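> Predicted model and sequence below, questions to follow.
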Amino acid sequence: MSTPVIELVSIHKSFGRTQIIRGVDLAVPRGERHAIIGPNGAGKSTLFNLISGRLKPTAGAIRLDGADVTGAKPQEINRRGLARSFQITNVFPRLSVWENIRCAVLGSLPYKYAFWHGIESLAGVKERTGHILHEINLVGRRDTQAGVLTYAEQRALEIGITIAGGAGIILLDEPTAGMSRREAEHAVALIRKISAGRTLVIIEHDMGVVFDLADRISVLVYGQIIASDAPARIKANPAVQQAYLGTAAA
Amino acid sequence: MTEVAATRAATPAWSWLAALRRHGLWLVAALLLSGLPLVFRSGTALTMMSLMGIMIIFSLSYNILLGQTGLLSFGHAVYYGLGAFFVVHAMNAIIRAKLPIPLPVMPLIGGTAGLAFAVIFGSVSTRRGGTAFAMITLGLAELVASSSLILRGFFGGEEGITTNRTRLFRLFDWNFGPQVQIYYLIAAWCLISMIAMYALTRTPFGRMCNAVRENPERIEFIGCSRTMVRFIAFCLAGFFAGIAGGLAAVNFEIVNASYLGLQQSGIVLFAAYIGGIGHFIGPVLGAILVTYLQIMLSDVTVIWQLYFGLMFIVVVMFAPGGLAGLLMMHVPLVRARVLHLLMVPYALLLAAASIAGVGAIVIVELTYRLTVKATEGTVIRLFGISLDTESAWPWLLAAALAAGGGFLTHAAWPLAARALSDATAHAGERS
């Protein structure tokens, strides 16, 4: 078996005396669509924060493509090809949709700090920005301020910013939360499209979305992964049913 | 789309026109700067315009931090002042050694000094944003200001360091003695700096600055270091501040500790904010206004700084976008030719605010004379009228004006606001 693109080894995270993540081991192979589910407060977002460098683990190791990135800064992890979205929309509110995406495109380029080069004449940036806008269906809103977009549009922009840098590993934190049924369907189609050829890890509450999208599902309960398996087997797993799906069904 | 662009670029006449369209504004600015001394010939006007030019560079450099990158600095004058000191020492050294270095390149020395110190201090202060950054700049400003009183050899103590700009190597027989020659030197540097700082906003780095201002956290997750962006912005701001300081040294031929003090840092914050930090033109307008007021107001009243403060409060409270923000709000109305709808409500508002303002000024001036300058007698002249601080009626009248004007302003404000929103809606329909 080849090296997993994301590998968590016995990850712990405490805030003061409160243990949030209590020993998580996880390996995601290249190209997999992996969903993380679990009840509220299980530590799903904390896990994302650890993988993406927003938080440093108290103990354990994180490897991307076999390289140790434990405690690395977010921008270093991003440069290794991992990009994430946020549960609470986290865009550049007073910049236009176009500028939002263009900044994210620039972020992955070596001349992002260039103050001697005009921005309009940079090879490929305009094309890539246009391409991403097209992918997330916001071409018609390119000059609108991100802060005044509708909620669903902001969520699409959030995904656009995440994928604009061309990262091979995408972490999406509840991308469909708060959406109407129809909006969520659009979002899932978008996620399916943009995750083709990439590795995707997604936190999601909507079980329809999860079972529709994921190749494999990990169930996080109280800071530990209690099961990590194909969707059908997760559904049939009695421990999962008791801990999580059972409560959802009740 | 790309084909159209290609054919357009292939036609020389069109690309010429496009270049003119894109850069025409700078051409106008150049003509304006060259033509101004032909219209305003007096010594006072030339001095004032020279100071405005320096202040424009300084304010724009400050806005690289505040407006573009979202960094509130309380110590920007450090780089302006150090630039000025290095230039004055460089000039004296050049005079002593009789080096063939002409005066017009002096601001570059100031810029280099500003840049060098920004690299040193910026490496400390830009590790943090927000309040922490502001506090660190304040601390560094105090540090430099107090060193200026200790290191008397370099900073010259109370008197400062003097120089003589006419004794430098001459180019084209300009000795830079007359103020008009200095004006043109400043104008040239002002134009170059404005173009450079405007161009900066249109580079990848310029856009990253905006992104850091808008959301310093998210930027890290798209592969960009906010610390690096802030650091580079800080260095570039220090460089242009140093250029402004260098020009000030050349202009005054004397530099003292007040150049790098907190008051100077306050003035540049004031100029940038009152002009409007959200638009490139804002600090330019602010610099012109503040310089004008500094010179004119200080002729009229001793307590001009108090009025400065009041003005600042009014802008922060009622026009947070500054002058440029107010102007930009009205650009679409001019385009849609609906500006006339605002004339009456605006005139009412202005009249009401003026009444309140006159009342407030009278109270301030009466109080100042009565409490601080009591030895100079009880009679003051304001707006061409003699007022006695001992008599009751000037106080009563002023209080009535202030209160009545305040009430009228309060009443006229919603009228003006509604007229503005109606006109904006109207303009939106037409476009």
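Happy to help now that I have it. Numbers count the residues shown, from 1 in each chain, chains lettered A, B, ... in the order given.
> burial count for whatever residue of chain A ends up closest to chain B?
As assessed by C-beta to the nearest C-beta, chain B sits closest to residue A:107 within chain A, at 3.5 Å. (C-beta placed from N, C-alpha, C; glycine too.) Residues lying near residue A:107 (other C-beta atoms under 10 Å in any protein chain shown) number 26.
> could you list every residue that touches it?
Shown in contact with residue A:107 (C-beta atoms under 8 Å, 6 or more residues apart in numbering or on different chains): A:78, A:164-165, B:208, B:219, B:222-224.
> go on, residue B:29?
Counting by C-beta under 8 Å, 6+ apart, the residues that residue B:29 touches are B:191, B:194.
> which secondary structure element contains it?
helix B:12-39 (DSSP states H and E).
> pLDDT of that helix, averaged?
Average pLDDT, helix B:12-39: 82.
> List the buried residues for that helix?
B:29, B:33, B:36-37 (16 or more other C-beta atoms under 10 Å in any protein chain shown).
> what do you get for stretch A:176-195?
A:176-177, A:179, A:183-184, A:186-188, A:190-191, A:194-195.
> Does that stretch reach chain B?
No: with C-beta under 8 Å from any C-beta of the partner chain as the criterion, chain B is not reached by stretch A:176-195; the gap is at least 15.5 Å.
> Need the residues that contact that stretch.
So stretch A:176-195 is in contact with A:33, A:87, A:135-137, A:151-152, A:155-156, A:159, A:163, A:170, A:172, A:175, A:200, A:202, A:204-206, A:209, A:212-213, going by C-beta under 8 Å, 6+ apart.
> How about stretch A:204-222?
A:22, A:24, A:26, A:28, A:32-39, A:42-44, A:47, A:174-177, A:184, A:188, A:191-192, A:202, A:225-231, A:234-235, A:237, A:240, A:243-245, A:248.
> repeat for stretch A:57-74
Contacts of stretch A:57-74 with the rest of the structure, by C-beta under 8 Å, 6+ apart, involve A:3-14, A:21, A:23-24, A:50-54, A:56, A:76-77, A:80-82, A:169, B:220-221, B:225.
> quick one: average confidence on it?
So the average pLDDT for stretch A:57-74 ends up being 93.
> and that stretch, which residues are buried?
Neighbour counts over stretch A:57-74 (16+ other C-beta under 10 Å) mark A:57, A:60, A:62-65, A:69-70, A:72, A:74 as buried.
> Tell me which residue in chain B sits closest to chain A.
For chain B, C-beta to the nearest C-beta, closest residue to chain A: residue B:222, 3.5 Å.
> What residues sit buried inside stretch B:380-394?
Result for stretch B:380-394 [16+ other C-beta under 10 Å]: buried residues B:380, B:382, B:387, B:389, B:394.
> roughly how far is it from the heart of the chain?
35 Å (C-alpha atoms, centre = their mean, to the nearest Å).
> same deal with stretch A:107-126?
26 Å.
> Any part of stretch B:120-132 near chain A?
No: taking C-beta under 8 Å from any C-beta as the criterion, stretch B:120-132 and chain A are apart, separated by no less than 12.6 Å.
> picking that back up, any of the contacts of stretch A:204-222 buried? List them.
A:24, A:26, A:28, A:32-38, A:42-44, A:47, A:174-177, A:184, A:188, A:191, A:202, A:225-228, A:231, A:234, A:237, A:240, A:243-245.
> so where is chain A shaky, pLDDT-wise?
Low-confidence segments of chain A (pLDDT under 70): A:1, A:244-250.
> Kindly report the residues of it close to chain B.
A:52-54, A:73-75, A:78-79, A:83-84, A:86, A:90-95, A:99, A:102-104, A:106-109, A:111-120, A:122, A:161, A:164-165.
> Please list the members of those residues that lie in helices.
For the residues of chain A next to chain B, membership in helices holds for A:74-75, A:78-79, A:99, A:102-104, A:106-107, A:161, A:164, with DSSP state H as the criterion.
> out of the contacts of stretch A:204-222, which are inside strands?
Judged by DSSP state E, strands contain the following of the contacts of stretch A:204-222: A:22, A:24, A:26, A:28, A:33-37, A:202, A:225-229.
> one step back: ok, for the residue of chain A closest to chain B, nearest residue in space, not its chain neighbours?
residue B:222 (3.5 Å; C-beta to C-beta, 6 or more residues apart in numbering or on different chains).
> Correct me if wrong: that neighbour contacts residue A:164.
Yes: taking C-beta atoms under 8 Å as the definition, residue B:222 is a contact partner of residue A:164 at 7.3 Å.
> Show me what residue A:28 is bridged to.
Applying DSSP bridges to residue A:28 gives these bridge partners: residue A:6.
> next one: phi and psi at the most centrally placed residue in chain A?
The centroid of chain A falls nearest to residue A:171 when counting by C-alpha atoms, centre = their mean (1.8 Å). Main-chain dihedrals, residue A:171, degrees, to the nearest 10: phi -110, psi 120.
> List the residues that contact it.
Going by C-beta under 8 Å, 6+ apart, the list of residues near residue A:171 reads A:48, A:51-52, A:82-85, A:162, A:201-202.
> Compute the number of surrounding residues for the residue lying closest to it once chain neighbours are set aside.
Using C-beta to C-beta, 6+ apart and skipping the chain neighbours, the partner closest in space to residue A:171 is residue A:84 (3.8 Å). For residue A:84, the count of nearby residues is 26 (other C-beta under 10 Å).
> got it, and residue B:273?
25.
> Within the helices and strands, which one has it?
Per DSSP H and E: helix B:262-275 holds residue B:273.
> quick one: average pLDDT of that helix?
93.
> buried set for it?
Applying 16+ other C-beta under 10 Å to helix B:262-275 flags B:262, B:264-275 as buried.
> how about the residues you listed in TSV, adding distance to chain A?
Formatted as TSV, the buried residues of helix B:262-275 follow (distance: C-beta to the nearest C-beta, whole Å):
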residue	distance to chain A
B:262	29
B:264	26
B:265	24
B:266	27
B:267	27
B:268	21
B:269	21
B:270	23
B:271	23
B:272	18
B:273	17
B:274	21
B:275	19
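> What does residue 140 show for phi and psi?
With no chain named, the answer covers chain A. phi -70, psi -10.
> ah, no, chain B please
Per degrees, to the nearest 10, the backbone of residue B:140 is at phi -60, psi -40.
> ok, the residue nearest to residue A:214 when sequence neighbours are not counted - contacts?
Excluding its sequence neighbours, the residue lying closest to residue A:214 (C-beta to C-beta, 6+ apart) is residue A:35, at 3.7 Å. Listed by C-beta under 8 Å, 6+ apart, the contact set of residue A:35 reads A:201-204, A:210, A:213-214, A:216-218.
> just to revisit the earlier point, what about the buried residues of stretch A:57-74, which are in strands?
Per DSSP E, those map to strands at A:60, A:62-64.
> sorry, back to before: show me which of the contacts of residue A:35 is closest to residue B:404.
residue A:203 (62.0 Å; C-beta to C-beta).
> which residues does that closest one bridge with?
residue A:36, residue A:173.
> which of the buried residues of stretch B:380-394 lies closest to residue B:426?
Distances from residue B:426 to the buried residues of stretch B:380-394, taken by C-beta to C-beta, are shortest for residue B:382, at 42.0 Å.
> what angle sits between the helix or strand residue A:12 falls within and strand A:59-64?
Using DSSP H and E, the element containing residue A:12 is strand A:6-15. If you take axes from the mean of the first three to the mean of the last three C-alpha atoms, to 10 degrees, strand A:6-15 sits at 150 degrees to strand A:59-64.
> How about residues contacting strand A:6-15?
Contacts of strand A:6-15 (C-beta under 8 Å, 6+ apart): A:19-28, A:43, A:46-47, A:50-51, A:55, A:57-64, A:66, A:82, A:169, A:199, A:201, A:223.
> Check which residues of that strand are buried.
A:6-9, A:11-13.
> Just the strands from chain B, written as ranges.
B:161-162, B:254-255, B:379-382, B:385-388.
> Nearest to residue B:313, out of the ones you listed?
strand B:379-382 (22.0 Å).
> Return the distance of that closest one from the chain's centre.
That offset, for strand B:379-382, works out to 32 Å (C-alpha atoms, centre = their mean).
> Each with direction, which strands does it pair with?
Counting by DSSP bridges, strand B:379-382 is paired with strand B:385-388 (antiparallel).
> Many thanks, we can stop here.
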